[in-house]
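**Q** Sharing a sequence plus its predicted fold:
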Amino acid sequence: MIPWWGLAVLVLGVNFALWGSAGLARLAVGTRAGRPARAVAGRPPRARLTVKHVAVLIPAHNEAVVLGDSLAAIMALVPRRNVHVVSDGSTDDTVAIARRAGAKVIATRRNVGKAGALAEAIDRFGLIKRFRVVMLLDADTRVEPGYFEAGLAMFDDPDVVAVAGCVRTARDRALSVTGDLLVSHRQRIYAIGQRVLKFGQTWARTNATHIVPGFASMYRAEVLPKIEMNPPGLVIEDFNMTFEVYQKRLGKVGFTLGAVAVTQDPDNFGDYIRQTRRWAVGLWQTVRRHPPRANLFTAMLTMLLLELVTSSLLFLLLPLLLAVLFIPDVAGGAPGWPVFAQVYAVVTTHLRLSAVLFGILIPDLALTCVAAAAEREPRLLLFAPLYPFMRLVDAAIGLSAIPVAWLTRANGRWRSPARRAVAPPPHACAGEGSPAHR
């Protein structure tokens, strides 16, 4: 008989416990952010990095709807001359909007894909020679005040070569009930994943994380020539860039919850499935490209992938298992049916409804409560009964991506989810000109 706690381990995972413990240890000893820069090899420490040292590079493919707001947000934080946009085969007003905002702009000759556009832009703009840090920023991402103060401080540690941003999903547009569910589901993932997994994985003493997300990340300029940014056959670039950092022993990844940027997540099932599938395929393609090595990163990745597969299989089997357990309550003679009787005997030998309740549903609800409290978003609780269904959808997408990643090659070309114009914030009262704070 599978105990309830065994199911809980499959749902929450050893990763949750291990990296959550590392995160608590990190909190106990303090992070490096805010400490004086360290001297290296007897030399005096470098002066702390500021926004004047940062080049912002935004790849954009038909992002006219959101690009203006993203440029306004970043240009409020860094010098306008530091902002660069590469239009990757755009056919809308992306280039015109970027130029009107005052950004430096180039366009690729054709749609080469995000990674190809980034590599071309870094070379054509000469960013590595001109700046000490290069920030890669998605066109729908709005960087919040405090991002650079928190993020650049991570580079005080000379071992840190990349800093991952802390993502927050945007709720600045009208959402349908379906859209609200999808956005809330992503918000829950971000809330738990960043506070438990990412925060622990990026502790300086046990540094091993599987991704520096490309929505808002910073790299030391000097390390970029050592990273193969656009290898053939990959659908996305950020997994590969992170793997290169660790497998080539280029340094460590920094992460702080204070470096926040807001991004638009899909608000319809079609875009949600396509984006989630693209991410899953990208992960497994990158795993295929990088052979395992005897290091902490490979150990972390192996444990992560094993739990990803086993928990996905569990969630896919869960509806069938629940149906087998419930049918006899509806049809009393079911345990005597041919074939079903054998299936029912096997299932009931290993599983009880109480184990599903205490091992899967209650832990999942607990995660929702923690996320709602951490995000100060009680509305996340409204969709609590539907999150297990969303996890089933994610599981199906993730498992179906494995053979696709191993049997196909991608050209890197991309299509962003449907973008929505940012809704103007409500005013405090009639006649007042200043918007109310969210």
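**A** Looks like it came in fine. Numbering: from 1, shown residues only.
**Q** can you pull the contacts of residue 290?
**A** Neighbour list for residue 290: 240, 243-244, 247 [criterion: CB atoms under 8 Å, 6 or more residues apart in numbering]. Placement of C-beta: from N, CA and C, glycine included.
**Q** try it again with 6 Å
**A** The contact partners of residue 290, by CB atoms under 6 Å, 6 or more residues apart in numbering, come to 243, 247.
**Q** how many neighbours does residue 170 have?
**A** When counting by other CB atoms under 10 Å, one arrives at 19 neighbours for residue 170.
**Q** Pull up the distance across stretch 70-83, start to finish.
**A** Using CA to CA, to the nearest Å, one end of stretch 70-83 lies 11 Å from the other.
**Q** So for it, what gets flagged as buried?
**A** 70-71, 73-75, 77-78, 82-83 (16 or more other CB atoms under 10 Å).
**Q** again, but for stretch 394-411
**A** Those would be 394-399, 401-402, 405, 410, for stretch 394-411 by 16+ other CB under 10 Å.
**Q** how distant is the longest helix along the chain from the center of its chain?
**A** Secondary structure of the chain per DSSP state H: the longest helix is helix 296-330. Put simply, helix 296-330 sits 22 Å off its chain's centre (CA atoms, centre = their mean, to the nearest Å).
**Q** what comes up buried for it?
**A** Judged by neighbour count using 16+ other CB under 10 Å, the buried positions of helix 296-330 are 297-298, 300-301, 304, 307-308, 311-312, 314-315, 318, 321, 324-325, 327-328.
**Q** Please verify my assumption that residue 182 contacts residue 272.
**A** Yes - applying CB atoms under 6 Å, one finds residue 182 in contact with residue 272, separated by 5.1 Å.
**Q** shared neighbours of the two, which are they?
**A** In contact with both residue 182 and residue 272: residue 266, using CB under 6 Å, 6+ apart.
**Q** Which of the buried residues of stretch 70-83 lies at the shortest distance from residue 23?
**A** Checking the buried residues of stretch 70-83 against residue 23 by CB to CB gives residue 77 as the nearest, at 27.4 Å.
**Q** Residue 163 versus the closest one, what's the distance?
**A** 15 Å (CB to CB, to the nearest Å).
**Q** Next: residue 287.
**A** For residue 287 relative to residue 163 (CB to CB), the value is 23 Å.
**Q** So which of those two has more stuff around it?
**A** residue 163 (28 against 19).
**Q** Now do the same for the more buried one: helix, strand or coil?
**A** Following DSSP: H, G, I helix; E, B strand; the rest coil, we place residue 163 in the strand state.
**Q** contacting residues around it?
**A** Neighbour list for residue 163: 151, 154, 218, 254 [criterion: CB under 6 Å, 6+ apart].
**Q** neighbours of the first one, just the number please.
**A** It refers to residue 151. Residue 151 has 29 neighbours, counted by other CB under 10 Å.
**Q** just to revisit the earlier point, helices or strands up against the longest helix of the chain?
**A** Where contact means 3 or more CB pairs under 6 Å, 6 or more residues apart in numbering; DSSP states H and E, helix 296-330 is packed against helix 4-29, helix 340-350, helix 387-407.
**Q** what's the angle between the shortest one and helix 296-330?
**A** Same thing as helix 340-350. Helix 340-350 and helix 296-330 are oriented at 130 degrees to each other (axes from the mean of the first three to the mean of the last three CA atoms, to 10 degrees).
**Q** returning to what we had before: out of the buried residues of stretch 70-83, which are inside strands?
**A** residue 83 (DSSP state E).
**Q** measure residue 205 to residue 20 for me?
**A** 15 Å.
**Q** Which of these two has more residues huddled nearby?
**A** A count of neighbours by other CB under 10 Å puts residue 20 above the other of residue 205 and residue 20, at 17 against 8.
**Q** my read: that one touches residue 196, true?
**A** Yes - with contacts counted by CB under 6 Å, residue 20 reaches residue 196, the gap being 4.7 Å.
**Q** Remind me which helix or strand residue 68 belongs to.
**A** helix 64-75 (DSSP states H and E).
**Q** whoops, I mixed them up, residue 257
**A** If you go by DSSP H and E, residue 257 is part of strand 252-263.
**Q** strands paired with that strand, and their directions?
**A** In the sheet, strand 252-263 lines up against strand 142-143 (antiparallel), strand 160-169 (parallel) (DSSP bridges).
**Q** wait, which of these is closest to residue 11?
**A** Of all the strands paired with strand 252-263, it is strand 160-169 that lies closest to residue 11, at 22.6 Å by CB to CB.
**Q** then the closest one to CSV, C-alphas only?
**A** Presented in CSV, the C-alpha positions along strand 160-169 are these (Å, rounded to 0.1, in the frame of the first residue of the first chain):
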residue,chain,number,x,y,z
VAL,A,160,29.0,35.3,-10.3
VAL,A,161,28.8,35.7,-14.1
ALA,A,162,25.1,35.7,-14.6
VAL,A,163,22.1,37.1,-12.6
ALA,A,164,18.6,35.7,-13.0
GLY,A,165,15.7,38.1,-12.7
CYS,A,166,12.7,37.5,-10.4
VAL,A,167,9.6,37.2,-12.6
ARG,A,168,6.2,38.4,-11.7
THR,A,169,3.2,37.8,-14.0
